[in-house]
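Engineer: Give me the fold of what follows.
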Amino acid sequence: MPPTVSINRRAAERLAAGHVWVYSSDVSNRGHAAPGDVVNVLDPRGRSCGLAHYSSTSQITLRLLGKEFSIPDRLAAAQRFRDRVVDGSNAYRLISSEADQMPALIVDRYADVFVIQSLNQGMDRIQTEVVEALIAQYAPRAIVERNDASVRLKEELPLRSGVIYGELAGPVAVTMNGLTFEANLLGGQKTGVYLDQRENYLAAARWGHGNALDCFTSSGGFALHLARSCARVEGVDSGAGVLATAEANRQRNGCENVKFREADVFDLLSGYRTGGRQFDTIILDPPAFAKSKAQIDGAVRGYKELNLRGLQLLAPGGILVTCSCSHHVSEAMLFEAVAEAARDARRSLRVLERRVQAQDHPVLLTVPETLYLKCLFFEML
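Structural biologist: Sure thing, here's the model as predicted:
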């Protein structure tokens, strides 16, 4: 029998409402639970709320697993869902933590190679079992762990990365929306490619036209998709490493109307305004500005300033695509930041689309933290 952990009424009501986290302040008795244990969660009346992973150090002490927990069954269910929602790509998120009832676990598939992140004590302890289940179900060429995310430090877990199964000599080529991308699984950002923007890339290609500017281009996702509908595309990023990957991707796909530039985006936008530059399509897809609630106000100011500088370069009839991957910043906050930027820039905007992360990164209705990416499309009147 698993050890038991008791929670207070507030936590029990939260779980009953559909959330899956219990915070440290709502745990009334930790019993004999050890770091990473699967525990039976009891409400104040001694009734079981289900099984959960226990963390001895994180503020999120319990992450609910459900009444029963089988790794092969959860993997199979996740694959059935991806078979329904993923189209035109052999790279996708197979396990998206809480949204696939595998809290704190990320598994991304890149063709015949898998990348795994175990982000709490419970998933770290059973990572070997997850790897064995992946091998049994998929017979992959290799499995890579990218357990170098700083969130593991809150769980007092070591930072690790590398090949843990099979062999991987270099980048992996994957297909997405008719394009080929080089995924650096061992040293790239996130787990290799921004898979969560896959569907938004297509939407940008539908709306994009004329001369385009893709800010924070990373490995060139938006830029290379815009090459289909825009006359010229400039991708900008401050990282030389990601730009080298972007250039390799450009060459792979023969996108002669795309060029990449290394620069600080904020400085570049200011310089282009001084020089009187204009663009018909502008993409603003920055890294997260708020990684905690304490950073929200500063993040919103940052989004306003970024969108202001972008709008000052947008030609009449132009398309602005602006994103936030900060889950602490709501869509309403992003809308307000853009509205204030438009007011200051004396621009009138029409909302074209309100989008989120790709469907292989599902959102749970009762767990708002699973909705993190906001992608807004505007047209300047």
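Engineer: What average pLDDT does stretch 42-52 get?
Structural biologist: Average pLDDT, stretch 42-52: 98.
Engineer: ok, and for it, which residues are buried?
Structural biologist: 42, 43, 49, 50, 51, 52 (16 or more other C-beta atoms under 10 Å). Any C-beta I mention is one placed from the backbone N, CA and C, and that applies to glycine too.
Engineer: Nearest residue to the last one in space, please, no chain neighbours.
Structural biologist: The spatially closest residue to residue 52, leaving aside those adjacent along the chain, is residue 62, at 4.2 Å (C-beta to C-beta, 6 or more residues apart in numbering).
Engineer: Give me the phi and psi for the one you found.
Structural biologist: Taking degrees, to the nearest 10, you get phi -130, psi 140 for the backbone angles of residue 62.
Engineer: That one contacts residue 27, correct?
Structural biologist: Yes: with contact defined as C-beta atoms under 8 Å, residue 62 reaches residue 27; the gap is 7.0 Å.
Engineer: pull the CA atoms of stretch 317-336 into PDB?
Structural biologist: Listed next in PDB are the C-alpha coordinates belonging to stretch 317-336 (Å, rounded to 0.1, in the frame of the first residue of the first chain):
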ATOM      1  CA  GLY A 317      -3.000  47.200 -44.000                       C
ATOM      2  CA  GLY A 318      -0.200  45.400 -42.300                       C
ATOM      3  CA  ILE A 319      -0.400  42.200 -40.200                       C
ATOM      4  CA  LEU A 320       0.900  42.100 -36.600                       C
ATOM      5  CA  VAL A 321       1.300  38.700 -34.900                       C
ATOM      6  CA  THR A 322       2.200  39.000 -31.300                       C
ATOM      7  CA  CYS A 323       2.800  36.200 -28.800                       C
ATOM      8  CA  SER A 324       3.300  35.600 -25.100                       C
ATOM      9  CA  CYS A 325       4.400  32.200 -23.700                       C
ATOM     10  CA  SER A 326       4.300  33.600 -20.100                       C
ATOM     11  CA  HIS A 327       1.500  31.600 -18.500                       C
ATOM     12  CA  HIS A 328       1.300  34.200 -15.700                       C
ATOM     13  CA  VAL A 329       0.300  36.800 -18.400                       C
ATOM     14  CA  SER A 330      -3.300  36.300 -19.400                       C
ATOM     15  CA  GLU A 331      -4.700  36.900 -22.900                       C
ATOM     16  CA  ALA A 332      -6.600  39.900 -21.400                       C
ATOM     17  CA  MET A 333      -3.300  41.300 -20.200                       C
ATOM     18  CA  LEU A 334      -1.700  40.900 -23.600                       C
ATOM     19  CA  PHE A 335      -4.700  42.500 -25.300                       C
ATOM     20  CA  GLU A 336      -4.500  45.500 -22.900                       C
END
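Engineer: Which positions in it come out as buried?
Structural biologist: Buried residues in stretch 317-336 (16+ other C-beta under 10 Å): 318-330, 333-334.
Engineer: Show me these that map onto strands.
Structural biologist: Secondary structure assignment by DSSP state E places 318, 319, 320, 321, 322, 323, 324 of the buried residues of stretch 317-336 in strands.
Engineer: Pull out the buried residues from stretch 345-353.
Structural biologist: Buried, per 16+ other C-beta under 10 Å, within stretch 345-353: 345, 347, 349, 352.
Engineer: repeat for stretch 151-164
Structural biologist: For stretch 151-164, a neighbour-count test (16+ other C-beta under 10 Å) marks 152, 155, 157, 161, 164 as buried.
Engineer: Give the helix, strand or coil label for residue 338.
Structural biologist: helix (DSSP: H, G, I helix; E, B strand; the rest coil).
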